[in-house]
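**Q** Predicted model, plus sequence, below.
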Amino acid sequence: MLVRQFSLNPLRPAFAPALAVTRTVSLPYGGPTGTGGAFQRGLVLGCVGGTPQSEVVTLTCGTGTHVCTFIADKVYTVTHAANAPVATVRQLWEGVFGPGNVQVTGTPGTNYVLTFQGALANRRIGGHFTVSAGGTPAWARTTRGSCGAGQFDQYLDSGANGAPNTARAVLVYDYLSDPRGGQVTEAGPTGQPFSPLIYLAGFFFASELVGLDAAAVSDPGWRLVEGNSISEPGAVVGIGV
C-alpha cells in the first residue's frame, strides 16, 4: 500500500507576496492522525501548544494473532500473539519507532500501553494504528503528545482526534515523515529532520486551502478579502494581514 504524496510546488499567495510571513513548526510524526501519509500543501493548521507531554496509545487485546499496522510514509506491520511478553512487543515496536523510543507496559492478553520516549518524547505522533485479530481488539489515543510552543496540527472545527479547533496557519508544501521524525520525499528518506514550513500571514485563494471552512474564516486573524463566501470562484482569504 502506497500512501506517499509529495510535491516540490509551494502554495503561493494570491497577491502581495511581500506580506506573507513564514516559519518552521512541529507537526505530528507519521502524517495526519487517523489516516497517515502526507500533510497536504495548503492544509489549514491550528496551534496545539500547552504543556509538553509524551504520546500514549493503548492496544486492547482480542484473541489469537494480532496483526498491527502503523500507517505513516508507508505501512509498518507488527505481528504478535495476544499474550506475547511485554518485552517482545516493545522490541517489535522499536523496529518501527526506533530503539529506546517506545516503552511498552500492560498485561499480556489484556492490553499493551505504548508510551513514546527518547527521541519521540514530548512529540505529537500522528499516523494511523490498526489491528486485526479475533474478538474486538482496538487502539485508543490515551494521551496526545505535544512539544508545547511551536506544536501545530491539522485544524478541525470539531476538534476530533485531539486536533486544534482554531485555525492559525496554512502549510506551504506537501510534507511526509517517517515514524521516527525523519523527512521523506518521493525519492525516499532524506536523512533530515521533519521541519515543515507554514504561512502565518498572507492572502490565499480559498480553493487552494485544504480543510478551510466558514468557522476557520471567523477565527481571529482571518477575513474574507474577495468574494461573498469561501466557495465562490476566485474567493480570497487573508490571515494575519
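**A** Here it is on my side, so go on.
**Q** Residue 224 against residue 235, yeah?
**A** Yes: assessed by CB atoms under 8 Å, residue 224 is found in contact with residue 235 at 6.8 Å. (Each C-beta comes from the backbone N, C-alpha and C, glycine too.)
**Q** Go through the longest helix along the chain and flag the buried ones.
**A** Longest helix of the chain, by residue count under DSSP state H: helix 86-97. Buried residues in helix 86-97, counted by 16 or more other CB atoms under 10 Å: 89-94, 96-97.
**Q** and the helix or strand just after it, what's its mean pLDDT?
**A** For helix 86-97, the following helix or strand on the C-terminal side (DSSP states H and E) is strand 102-107. Here strand 102-107 scores 98 as its mean pLDDT.
**Q** Quick check: buried residues in strand 102-107?
**A** Buried residues in strand 102-107, defined by neighbour count with 16+ other CB under 10 Å: 102-104, 106.
**Q** next one: stretch 214-222
**A** Quick answer for stretch 214-222 (16+ other CB under 10 Å): 216-217, 219, 222.
**Q** Dump those into CSV; add secondary structure and distance to residue 160 as well.
**A** Formatted as CSV, the buried residues of stretch 214-222 follow (DSSP: H, G, I helix; E, B strand; the rest coil; distance: CB to CB, whole Å):
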residue, secondary structure, distance to residue 160
216, helix, 15
217, helix, 19
219, coil, 17
222, strand, 21
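**Q** out of these, who's nearest residue 191?
**A** For those, the closest approach to residue 191 (CB to CB) belongs to residue 216, at 34.9 Å.
**Q** how does this protein divide into domains?
**A** For the chain, the structural domains run 17-49+151-239, 53-143, going by automatic domain parsing.
**Q** now for these, which one comes closest to residue 11?
**A** Ranking the domains of the chain by proximity to residue 11 (CB to CB) places domain 17-49+151-239 first, at 4.7 Å.
**Q** chain center to the closest one: distance?
**A** Averaging C-alpha positions (CA atoms, centre = their mean, to the nearest Å) puts domain 17-49+151-239 11 Å from its chain's average.
**Q** Please apply the same query to stretch 51-65.
**A** Using CA atoms, centre = their mean, the mean C-alpha position of stretch 51-65 is found 17 Å from that of the whole chain.
**Q** and that stretch, which residues are buried?
**A** 53-59, 61-62.
**Q** Please, where are all the helices along the protein?
**A** All helices of the chain, identified by DSSP H, fall at 86-97, 214-217.
**Q** Quick one: neighbours of the nearest residue to residue 165 once chain neighbours are set aside, just the number.
**A** Of all residues not flanking residue 165 in the chain, residue 159 sits nearest, at 4.2 Å (CB to CB, 6 or more residues apart in numbering). Residue 159: 12 surrounding residues under other CB atoms under 10 Å.
**Q** In the chain, where is pLDDT below threshold?
**A** For the chain, the stretches flagged by pLDDT under 70 are 1-7.
**Q** if you set the cut-off to 50 instead, what comes out?
**A** Applying pLDDT under 50 to the chain flags the ranges 1-4.
**Q** out of the buried residues of stretch 51-65, who's nearest residue 230?
**A** Here the nearest of the buried residues of stretch 51-65 to residue 230, counting by CB to CB, is residue 55; it sits at 32.8 Å.
**Q** quick one, phi/psi of that closest one?
**A** When read as degrees, to the nearest 10, the backbone of residue 55 gives phi -70, psi 140.
**Q** Pretty sure it sits against residue 144.
**A** Yes: if you go by CB under 8 Å, residue 55 and residue 144 touch, sitting 6.4 Å apart.
**Q** shared neighbours, the two?
**A** Both residue 55 and residue 144 are contacted by residue 124, under the criterion CB atoms under 8 Å, 6 or more residues apart in numbering.
**Q** Compute the number of surrounding residues for residue 190.
**A** Neighbour tally, residue 190, other CB under 10 Å: 13.
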